[in-house]
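**Student:** Below is the sequence, then the predicted model.
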Amino acid sequence: MDTVGDKDTGYAYDINIQFKDSLLYNLRYEAISNNKIVIGLIGALDLKTNKGGYGIKADGMNELLKEFDRRVLRPLKDEQHIELKAK
């Protein structure tokens, strides 16, 4: 985890989620208020095939985004009952 920002602009945290099968997701987590958090997907990489990157047009990104939805977003919605909104 890495902290970015400052006292005046607010802080955010850059974190990585890596799955055992070599999928790596770079996220930025920012608390907007006591009950609102913004999580942004910065990058998605498959370390085994070297696909993905930091842009939507990166090779293999569509598959990586589907896996992110399946492995991260759906469990947050279904198991933790967290409301998610696309920005």
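**Tutor:** Ah, there it is.
**Student:** which SS state does Ala12 fall under?
**Tutor:** Using DSSP: H, G, I helix; E, B strand; the rest coil, the structure places Ala12 in strand.
**Student:** mind checking pLDDT for it?
**Tutor:** pLDDT recorded at Ala12 is 90.
**Student:** Does it touch Tyr29 like I think?
**Tutor:** Yes. The pair Ala12 / Tyr29 is scored as a contact, 6.5 Å apart, by C-beta atoms under 8 Å. Any C-beta I mention is one placed from the backbone N, CA and C, and that applies to glycine too.
**Student:** most residues in a single helix of the chain, which one?
**Tutor:** Longest helix of the chain, by residue count under DSSP state H: helix 61-68.
**Student:** what bits of this protein have low per-residue confidence?
**Tutor:** When residues are selected by pLDDT under 70, those of the chain lie in 87.
**Student:** So which residues of the chain form strands?
**Tutor:** Here the chain has its strands, by DSSP state E, at 2-6, 10-18, 23-33, 36-46, 51-53.
**Student:** Dump the ones you listed into JSON lines; add mean neighbour count as well.
**Tutor:** Output for the strands of the chain, formatted as JSON lines (neighbours: other C-beta atoms under 10 Å):
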{"stretch": "strand 2-6", "mean neighbour count": "10"}
{"stretch": "strand 10-18", "mean neighbour count": "14"}
{"stretch": "strand 23-33", "mean neighbour count": "15"}
{"stretch": "strand 36-46", "mean neighbour count": "15"}
{"stretch": "strand 51-53", "mean neighbour count": "17"}
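**Student:** Ok, which of these comes nearest Asp78?
**Tutor:** strand 36-46 (16.6 Å; C-beta to C-beta).
**Student:** Just list what the closest one packs against, helices and strands only.
**Tutor:** Strand 36-46 is packed against strand 23-33, strand 51-53, helix 61-68, with contacts defined by 3 or more C-beta pairs under 8 Å, 6 or more residues apart in numbering; DSSP states H and E.
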